[in-house]
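J.: Generate coordinates for the sequence data below:
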Amino acid sequence: MRLHMILSDKETELLKLLRNDSRKTVSALARDLGLSRPTVQSMLEKLDSVAIKRYTVEFKPEFNDRFIRAFVFMIRDPKHWQRVREAMLKIPEVRSIHTVTGQYDVIVELRVDSGNFSRMDQILNEIVMMEGVTRTHTTMVLTSLEM
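T.: Numbers count the residues shown, from 1 in each chain. Down below sits the predicted model:
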C-alpha cells in the first residue's frame, strides 16, 4: 500500500532547499525557512519517514574525472525485470536505473574508479549474463557539462 501525503508549503520549501544542498545544517535550514530548529528537525524526521529515500553527494565537475561513467541501454524481458533490477541494485557502481520509452527499455548509469576498465568490463559482463537481459548497448562518457 502506498502512502499518499500532502505536504505543507514549508515542507515543500524544505525539500527544495535539501535538493539544492542536502548538507545544510538543521540550523541553517531553520534560518532559511524562518522556523525554529526543533520545528525543522521534526519536519525532517517526518519527511525521512515518508518522503526522503536518501541523501546524496553531487561531485564537482573536476572530481568527476576520477571516474569512468557509462550508460548501459538495455532491452529486457518484463517477466524477469524484478530479478534483474534487484541484481543491479547490488552492484555498488550502479548510480541510477531508469525505465524509458523508445528502442531500449532501461538505462543504467555506472560509475567506476578512473582507469579501472577491468572492473567496468566485469560489470558489463555481469549485466549481459543476467537472465532477462535481452540486449545491451553501452556508451562511455568522454566529457560532461553539468548545470
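
J.: what residue lies at the spatial centre of the protein?
T.: Geometric centre of the chain, nearest residue: residue 96, 4.5 Å, by C-alpha atoms, centre = their mean.

J.: Let's verify that residue: helix, strand, or coil?
T.: Here residue 96 takes the strand state, with states given by DSSP: H, G, I helix; E, B strand; the rest coil.

J.: What separation do you get for it and residue 31?
T.: Distance from residue 96 to residue 31, counting by C-beta to C-beta, to the nearest Å: 32 Å. For glycine as for every other residue, the C-beta is placed from the backbone atoms N, C-alpha and C.

J.: Repeat that for residue 99.
T.: Counting by C-beta to C-beta, the gap from residue 99 to residue 31 is 39 Å.

J.: And the helices in the protein?
T.: Ranges of helices in the chain, per DSSP state H, are 9-20, 26-33, 37-50, 61-64, 81-89, 117-129.
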